[in-house]
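> no FASTA, just this:
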């Protein structure tokens with residue numbers, strides 16, 4: 001596995017970034033439906049630490065196999081931010097939120113991630129998108145927030161607030177990891193963040209494990225495997241590389257596609273009702289990505 005390199009052809013590098021970013025988004029799209037199924041049988045806190053511990057063990061194996069150098073002292077602080085944002089914060093907050101809201105409802109909040117990622121891309125990554133970019137990015141997020149308000153946040157204010165908090169910590173983790181990927185490498189960033197999280201996550205997994213796993217269904221185990229392998233590791237390999245190649249703010253707008261894929265999965269796997277309003281909002285935010293992409297640099 002190679003680190004992110006400086007490709008001589010900027011257009012080729014940008015295209016590669018969008019391709020890698022798209023693959024990452026597709027992998028991420030199954031996270032919330034899989035988490036929704038898993039928390040029906042696993043405690044949400046146990047699910048969070050168990051998925052991180054499993055992915056951490058795989059990360060240790062990868063780093064050992066490819067004999068990767070250890071990060072520098074300055075890089076460890078950024079890795080801590082990544083770990084707190086995407087290894088612990090986002091999985092835990094979404095798992096808790098999904099006890100109060102459906103996956104279809106929570107997925108719509110993911111439409112806020114491009115804006116959060118772009119904001120932290122400016123604050124942590126030093127990017128400066130053009131003013132028109134912010135118009136399209138804010139418009140897409142406004143459509144999502146407007147839909148949530150139309151559904152009545154009073155129905156489950158706890159679930160919605162947890163989802164909003166998860167978006168903020170995730171956006172920070174994405175931007176910080178993308179910045180670090182430029183020097184450390186995309187897959188190395190998520191692997192070292194998982195290694196950093198492994199000791200407390202492994203201890204917590206043993207402490208919070210249920211007395212018996214005999215009543216856990218096959219589907220719940222499959223969902224745990226998905227969020228451990230794909231959501232915590234494989235998706236980030238493509239995602240961080242894509243952000244580093246194509247730009248945090250620009251490629252981050254691909255997250256507007258995630259609600260579309262996620263809603264389709266929720267309807268197919270969980271038999272949840274997807275309203276016309278959800279589809280209209282999803283189409284609207286997807287259209288916004290075209291304008292945001294054009295004016296991202």
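Everything's here; your move. What you see is a predicted model, and the numbers here were worked out from it, not measured in a lab.
> show me what the helix or strand residue 137 falls within is in contact with.
When elements are defined using DSSP states H and E, residue 137 is found to belong to helix 131-151. Contact with helix 131-151 is made by 105, 108-109, 111-112, 114-115, 118, 129, 160, 249, 253, 256, 259, 277-278, 281, 284-285, 288-292, 295-296, as judged by CB atoms under 8 Å, 6 or more residues apart in numbering. Placement of C-beta: from N, CA and C, glycine included.
> residue 158 touches residue 100, doesn't it?
Yes - Residue 158 is within contact range of residue 100, at 5.1 Å (criterion: CB atoms under 8 Å).
> the two: who's more crowded?
Comparing residue 158 with residue 100 by other CB atoms under 10 Å, the one with more neighbours is residue 100, at 17 against 13.
> rewinding a little: check which element follows the helix holding residue 137 along the chain.
Moving toward the C-terminus from helix 131-151, the next element (DSSP H and E) is helix 157-184.
> flag every buried residue along the very next helix or strand once past that next one.
Using DSSP H and E, the next helix or strand after helix 157-184 towards the C-terminus is helix 186-208. Of the residues in helix 186-208, 186-198, 201-202, 204-205 count as buried by neighbour count, 16 or more other CB atoms under 10 Å.
> got the angle between helix 186-208 and helix 157-184?
Using axes from the mean of the first three to the mean of the last three CA atoms, to 10 degrees, one finds that helix 186-208 and helix 157-184 are set 140 degrees apart in direction.
> what helices and strands are in contact with helix 186-208?
Using 3 or more CB pairs under 8 Å, 6 or more residues apart in numbering; DSSP states H and E, the elements in contact with helix 186-208 are helix 44-65, helix 73-82, helix 157-184, helix 235-246.
> please identify the most buried of those helices.
Comparing these by mean neighbour count (mean count of other CB atoms under 10 Å), helix 235-246 ranks first with a mean of 27.
> show residues contacting it.
In this structure, residues lying in contact with helix 235-246 by CB under 8 Å, 6+ apart are 4, 7, 13-14, 16-25, 27-28, 31, 86, 117, 174-175, 177-178, 181-182, 186-187, 189-190, 251-252, 254.
> stretch 76-89 now?
For stretch 76-89, with CB under 8 Å, 6+ apart as the criterion, the contacting residues are 48, 52, 55, 71, 165-166, 169-174, 176-177, 179-180, 189-190, 192-194, 196-197, 201, 232, 236.
> could you point out which element follows the least confident helix or strand in the chain by mean pLDDT?
Least confident helix or strand, the chain: helix 103-109 with a mean of 73, by mean pLDDT, DSSP states H and E. Counting by DSSP H and E, the element after helix 103-109 in chain order, helix or strand, is helix 113-125.
> which helices and strands does that following helix pack with?
Packing partners of helix 113-125 (3+ CB pairs under 8 Å, 6+ apart): helix 131-151, helix 157-184, helix 248-252.
> quick one, which of these is nearest to residue 92?
Proximity of these to residue 92 was assessed by CB to CB; the nearest stretch is helix 157-184, lying at 8.1 Å.
> what angle separates that closest one from helix 113-125?
Here the directions of helix 157-184 and helix 113-125 differ by 40 degrees (the same axes, to 10 degrees).
> pLDDT weak spots in the stretch 51-200 of the chain?
104, 107, 148-149, 151-155 (pLDDT under 70).
> give me that answer again for 80
Within the stretch 51-200 of the chain, the ranges that satisfy pLDDT under 80 run 102-111, 141, 144-156.
> relative to residue 280, how far out is residue 274?
Applying CB to CB, to the nearest Å, one obtains 11 Å for the distance of residue 274 from residue 280.
> in terms of neighbours, single out the busier of these two.
A side-by-side neighbour count of residue 274 and residue 280, using other CB under 10 Å, places residue 274 first with 16 against 12.
> what's the nearest residue to the more buried one if we skip its chain neighbours?
Excluding its sequence neighbours, the residue lying closest to residue 274 (CB to CB, 6 or more residues apart in numbering) is residue 267, at 4.7 Å.
> need the three-state assignment for that neighbour.
Look at residue 267: counting by DSSP: H, G, I helix; E, B strand; the rest coil, its state is helix.
> now do the one 4 residues further on
Assigned state for residue 271: coil (three-state reduction, three-state DSSP).
> got it, and residue 71?
For residue 71, the assignment made with three-state DSSP gives coil.
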